[in-house]
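Peer 1: Sequence and computational prediction follow.
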Amino acid sequence: DETKLKSLAPILISDLSAGQTHRGRLLVGSIADVDGFWSIKSGAFLLQDISGSVIQVAVYNIPQNGFSEAFPFGREICIVEPFFKIRADGTAGVRVDKPAEILDYPHPQTTEDWKEFGN
């Protein structure tokens, strides 16, 4: 819903806090790896945010078939209210349990677009 998206404030990877769902926030970036990959329970890809930082995003509750096609290299997306965590292996990542919270989100192109994005 576009109205809800406009009510969310952007957040950078560097501003994420471990163990927290960032309510009212929106993580915006581009898929930074060519192919998503699949573990036992989830698919994952690398996301590069608008500042250039990169983080792994694990997506649960999505079928393995077609995962790479759903998350191709360069796709501009946002993650609604991202959950950032430290995983069992000690690495940091964003976990998405509801794939519908990953939306296409074209990045700002003009100065005016960037101004609106930041407000």
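Peer 2: That came through fine.
Peer 1: how about the strands of this structure, start to end?
Peer 2: Across the chain, reading from the start of the chain, the strands by DSSP state E fall at 9-11, 20-21, 25-31, 37-38, 42-49, 54-60, 76-80, 83-86, 92-96, 102-104.
Peer 1: Quick test: name the residue nearest the centre of the protein.
Peer 2: Of all residues in the chain, the one closest to the mean position by C-alpha atoms, centre = their mean is Ile79, 4.0 Å from it.
Peer 1: Let me see the contact set for that residue.
Peer 2: 26-27, 47, 57, 94, 96, 101-102 (C-beta atoms under 8 Å, 6 or more residues apart in numbering). C-beta: built from backbone N, CA, C; applies to glycine.
Peer 1: returning to that earlier point: and the strands of the chain, which one's lowest on average pLDDT?
Peer 2: Taking the average pLDDT of each of the strands of the chain, the minimum falls on strand 37-38, with a mean of 64.
Peer 1: List the contacts of the nearest residue to Gly93 once chain neighbours are set aside.
Peer 2: Spatial nearest neighbour of Gly93, chain neighbours left out: Gln56 (4.4 Å); criterion: C-beta to C-beta, 6 or more residues apart in numbering. Contact criterion C-beta under 8 Å, 6+ apart gives 44-47, 91-94 as the residues in contact with Gln56.
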